[in-house]
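Trainee: Predicted coordinates and the sequence they were generated for:
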Amino acid sequence: MQIEKKDIRALTKEQLRNFFVANGDKAFRGNQVYEWLWQKRAHTFEDMTNVSKETRAMLEANFVINHIKVDTLQRSEDGTVKNAVRLHDDLIVESVLIPTETRTTACVSSQVGCSLDCNFCATARLKRMRNLEPGEIYDQVAAIDNESRLYYDRPLSNIVFMGMGEPLMNYPNVMKAIDMITSTEGLGMSPKRITVSTSGIPKMIKKMADDEVKFKLAVSLHSAVEEIRNEIMPFTKNFPLTDLRESLEYWYRKTKSKVTYEYVVWKGINDDKKSIDALVKFCKYVPCKVNLIEYNPIDDGMFQQASEEATNAYITALAKSNIVAKVRRSRGKDIDAACGQLANKS
């Protein structure tokens with residue numbers, strides 16, 4: 001029976017060093033290989049040109065590098081780039097490069113499918129097949145960094161976890177990926193340029209605060225009226241707004257970091273005065289800003305973009321309470337560049 005080889009990127013640097021010592025080599029060889037895996041982004045052991053053939057053969061015999069492959073790449077008229085990313089087990093996730101005049105943002109996935117059941121989201125219609133490994137998350141960012149340099153002649157500037165999946169339901173792997181993305185031994189990006197977006201898991205928001213994370217937090221709120229929120233995001237019946245509010249107050253006390261609310265306004269669902277007043281009230285609990293997102297319909301069903309008048313009514317009401325709000329226009333419409341609604345969250 002053939003033993004399945006372990007992905008070498010699951011090993012820490014110390015574990016790699018110990019592996020080489022245990023196999024009669026010097027510990028520094030582990031440092032070399034670790035650098036190839038992360039900073040130099042090696043796809044195969046053969047890429048490790050300053051490592052002997054014998055050592056490469058030993059690594060090949062013991063490990064694999066489960067690197068992603070960009071299966072198809074689509075470029076939108078507005079410059080958005082969508083990647084269909086094939087994983088080592090042939091499952092597919094999506095990642096997106098969203099450019100503006102001043103920056104390029106990577107929108108990455110954290111799960112194959114999604115653990116949650118938001119009715120308006122295309123990804124929620126796919127059952128969650130598995131969590132992504134830290135290396136698979138890292139690879140998406142590295143690939144988009146390469147595309148940013150190729151197409152826009154500048155390195156990637158921002159990362160948002162707003163692709164497929166609920167990041168806080170894959171917390172350990174997302175945190176390990178961010179550790180490598182921000183490490184000088186990895187991509188060396190500032191954690192302040194990373195935003196993790198959650199649909200609102202109070203226990204995990206508190207854990208992030210306790211872990212003293214340095215990245216930003218966004219919450220896909222979409223309604224501050226309990227019954228509407230429960231209807232459009234059924235899982236929230238287990239996470240009521242009072243619990244979410246408490247966790248966000250805890251987050252701000254511990255981190256002093258503002259929260260961003262992601263909020264789609266839908267026709268006939270949350271485009272009334274009651275919904276507007278509820279959001280304004282909810283926004284007063286912790287310092288925040290609001291991104292009002294243009295909806296990209298996934299079918300002809302109940303979820304349709306609200307009128308511009310309704311969106312403007314939100315902007316006016318929020319402004320009166322000194323709450324910063326911006327409208328985020330959908331990107332990459334001509335290539336359907338959305339994992340759930342990721343293209344809208346630039």
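Mentor: Happy to help now that I have it. Predicted model only: the values in this text are computed from it and were never measured.
Trainee: For the lengthiest helix in the chain, name the packing helices and strands.
Mentor: Using DSSP state H, we find that the single longest helix of the chain is helix 134-152. If you count contacts as 3 or more C-beta pairs under 8 Å, 6 or more residues apart in numbering; DSSP states H and E, helix 134-152 packs onto strand 69-75, strand 81-86, strand 92-99, strand 104-107, helix 171-182. Where you see a C-beta, it was placed from the backbone N, CA and C, and this is true even at glycine.
Trainee: In contact with F63, which residues?
Mentor: Taking C-beta atoms under 8 Å, 6 or more residues apart in numbering, we find F63 in contact with K5, K6, D7, I8, F45.
Trainee: Of those residues, which is the nearest to E227?
Mentor: Nearest to E227 among the contacts of F63, counting by C-beta to C-beta, is D7 at 44.8 Å.
Trainee: Hmm, N66 and that closest one touching each other?
Mentor: Yes. With contacts counted by C-beta atoms under 8 Å, D7 reaches N66, the gap being 4.5 Å.
Trainee: Residues that sit against both of those two, list them.
Mentor: Here D7 and N66 have E133, G135 as joint contacts, going by C-beta under 8 Å, 6+ apart.
Trainee: Name the residue most distant from the centre of the protein?
Mentor: Here the chain reaches farthest from its C-alpha mean at G24, the gap being 40.6 Å by C-alpha atoms, centre = their mean.
Trainee: now it: how far from G200?
Mentor: 52 Å (C-beta to C-beta, to the nearest Å).
Trainee: ok, back up a step: now that we have the contacts of F63, which of them are buried?
Mentor: If you count burial by 16 or more other C-beta atoms under 10 Å, the buried members of the contacts of F63 come out as D7, I8, F45.
Trainee: circling back: check which helices and strands the helix or strand that the longest helix of the chain is followed by sits against.
Mentor: Counting by DSSP states H and E, the next helix or strand C-terminal to helix 134-152 is strand 158-161. Applying 3+ C-beta pairs under 8 Å, 6+ apart, one finds that strand 158-161 contacts strand 104-107, strand 194-198.
Trainee: Quick check: which element contains K289?
Mentor: In the assignment (DSSP H and E), K289 maps to strand 288-293.
Trainee: and the next element down the chain from that strand?
Mentor: Going down the chain from strand 288-293, the next helix or strand is helix 308-320, by DSSP H and E.
Trainee: Pull the distance from that following helix to the chain's centre.
Mentor: The chain centroid and the centroid of helix 308-320 are separated by 28 Å, computed with C-alpha atoms, centre = their mean, to the nearest Å.
Trainee: helices or strands up against it?
Mentor: Applying 3+ C-beta pairs under 8 Å, 6+ apart, we find helix 308-320 packed against helix 273-283, strand 288-293, strand 324-328.
Trainee: End to end on stretch 216-235, go ahead and measure it.
Mentor: By C-alpha to C-alpha, to the nearest Å, the extent of stretch 216-235 from end to end equals 23 Å.
Trainee: Buried residues in it, which are they?
Mentor: Within stretch 216-235, the residues that count as buried by 16+ other C-beta under 10 Å are 216-225, 228-230, 232-233, 235.
Trainee: closest to D271 among the contacts of F63?
Mentor: Of all those, D271 sits closest to D7, with 47.1 Å by C-beta to C-beta.
Trainee: distance of the closest one from Y138?
Mentor: As judged by C-beta to C-beta, D7 and Y138 stand 12 Å apart.
Trainee: Which ones among the buried residues of stretch 216-235 lie within strands?
Mentor: Counting by DSSP state E, the buried residues of stretch 216-235 place K216, L217, A218, V219, S220 in strands.
Trainee: which one of those sits closest to D243?
Mentor: Of all those, D243 sits closest to V219, with 12.5 Å by C-beta to C-beta.
Trainee: isn't that closest one right up against Y263?
Mentor: No. V219 lies out of contact with Y263 (C-beta under 8 Å); the separation is 9.3 Å.
Trainee: thinking again about what came up before, the residue farthest from the centre of the chain falls within a helix, correct?
Mentor: No. Assignment of G24 by DSSP: H, G, I helix; E, B strand; the rest coil gives coil, placing it outside any helix.
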